[in-house]
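K.L.:
here is a sequence together with a model predicted from it:
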Amino acid sequence: MPTALWIAHVEVTDPEAYGRYAQAAGPAIAAHGGQFLARGGRYVQLEGRDRARNVVARFPSLQAAVDCYHSADYQAALAHARGASLRDLVVVEEIG
């Protein structure tokens, strides 16, 4: 089964509230087998909308990533990000 990448591009508008999201989201992602590959590091924007926070996590499968997103723990964390950020999030299946 192919692994999947969770890719988020984020503009934080309320750092305090977003910090609460990040603190709670990490354990929820790990509980679904997610491992962070990039989390807010250096980047170069070559095309599209520039959002200063970029996060990539690998999950054991596309379904695991989707299940994580819809889980009660992640949704509780996400409540802190709503109104505290502008986000784009996509999950992409990796090729073998």
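P.N.:
It's in.

K.L.:
tell me, how many neighbours does Ala65 end up with?
P.N.:
The tally of other residues near Ala65 (other CB atoms under 10 Å) stands at 26. Quick note: C-beta positions are derived from backbone N, CA and C, even for glycine.

K.L.:
mind giving me the packing neighbours of the helix or strand where it lies?
P.N.:
Per DSSP states H and E: Ala65 is located in helix 62-70. In this structure, helix 62-70 makes packing contacts with strand 4-12, helix 15-31, strand 53-59, strand 85-93, judged by 3 or more CB pairs under 8 Å, 6 or more residues apart in numbering; DSSP states H and E.

K.L.:
got the angle for that helix vs strand 85-93?
P.N.:
Angular relation of helix 62-70 and strand 85-93 on a 0 to 180 degree scale: 160 degrees, by axes from the mean of the first three to the mean of the last three CA atoms, to 10 degrees.

K.L.:
need the CA coordinates for helix 62-70. CSV is fine.
P.N.:
This file holds the C-alpha atoms of helix 62-70, laid out as CSV (Å, rounded to 0.1, in the frame of the first residue of the first chain):
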residue,chain,number,x,y,z
LEU,A,62,-3.9,7.9,2.1
GLN,A,63,-6.7,6.5,4.2
ALA,A,64,-4.7,6.9,7.4
ALA,A,65,-4.2,10.6,6.6
VAL,A,66,-7.9,11.1,5.9
ASP,A,67,-8.9,9.2,9.0
CYS,A,68,-6.5,11.4,11.0
TYR,A,69,-8.1,14.6,9.7
HIS,A,70,-11.5,13.4,10.6
